[in-house]
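> Sequence first, predicted model second:
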Amino acid sequence: MSEQRVPCVEGLFGEEDGVATLYGSRCAGCDTPYFPKSAACHNPECVESKMEDYAFGGEGKLWSYAVADFPPPPPHKFDKPFTPYAMGVVDLDCGLRLIGQMVDKAEDVVVGAKVELVIDTLYHEDDKTFTSWKFKQI
Ligand SMILES: [Zn+2]
């Protein structure tokens, strides 16, 4: 019996045929991307806030990262024993900059590396595999 894969937050991201997608929004007036979705544009130079749903994904470049080498406090969940990991800040080619856990071991992470958005295991609980978006060096 295989474990059920469940998003750690419903409606925030998805995975279809192995392709990872983040469900955000973009202002049609000024092209500013938002993730998670935003009800209004926050660009002070935008003349007309026209929000529409937008799916982000694909590849990008690792702008910077930090290593989490101690367990996060509750309510964060993780598989025990805790394994240190890198949190990356990535500029996706589609224009969105966001934070995500790196799949690669912390000692292997390189600033400037090309990365791709993936959906990967965050933790296991109640015979379920909870997933989140992450980045993987390519
Ligand atoms: Zn705007």
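Thanks, I have the structure now.
> Now Val111: phi and psi?
Main-chain torsions, Val111, degrees, to the nearest 10: phi -60, psi 140.
> go on, the one 10 residues further on?
Geometry field for Thr121 lists phi and psi as phi -70, psi 130, criterion degrees, to the nearest 10.
> Can you report how many residues neighbour it?
15 (other C-beta atoms under 10 Å). In this view, the C-beta of every residue, glycine as well, is placed from N, C-alpha and C.
> Could you tell me which residues make contact with it?
By C-beta atoms under 8 Å, 6 or more residues apart in numbering, the residues touching Thr121 are Asp79, Thr129, Phe130, Thr131.
> Same list (these) but as JSON lines, adding secondary structure.
Listed next are the contacts of Thr121 as JSON lines, based on DSSP: H, G, I helix; E, B strand; the rest coil:
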{"residue": "Asp79", "secondary structure": "coil"}
{"residue": "Thr129", "secondary structure": "strand"}
{"residue": "Phe130", "secondary structure": "strand"}
{"residue": "Thr131", "secondary structure": "strand"}
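> Just the buried ones among the residues you listed, please.
Thr129, Phe130, Thr131 (16 or more other C-beta atoms under 10 Å).
> so what's the nearest residue to Val103 once chain neighbours are set aside scoring on pLDDT?
Leaving aside its chain neighbours, Val103 sits nearest to Lys136 (4.2 Å; criterion: C-beta to C-beta, 6 or more residues apart in numbering). The model reports Lys136 with a pLDDT of 98.
> host element of Lys136?
Element membership of Lys136 [criterion: DSSP states H and E] is strand 128-137.
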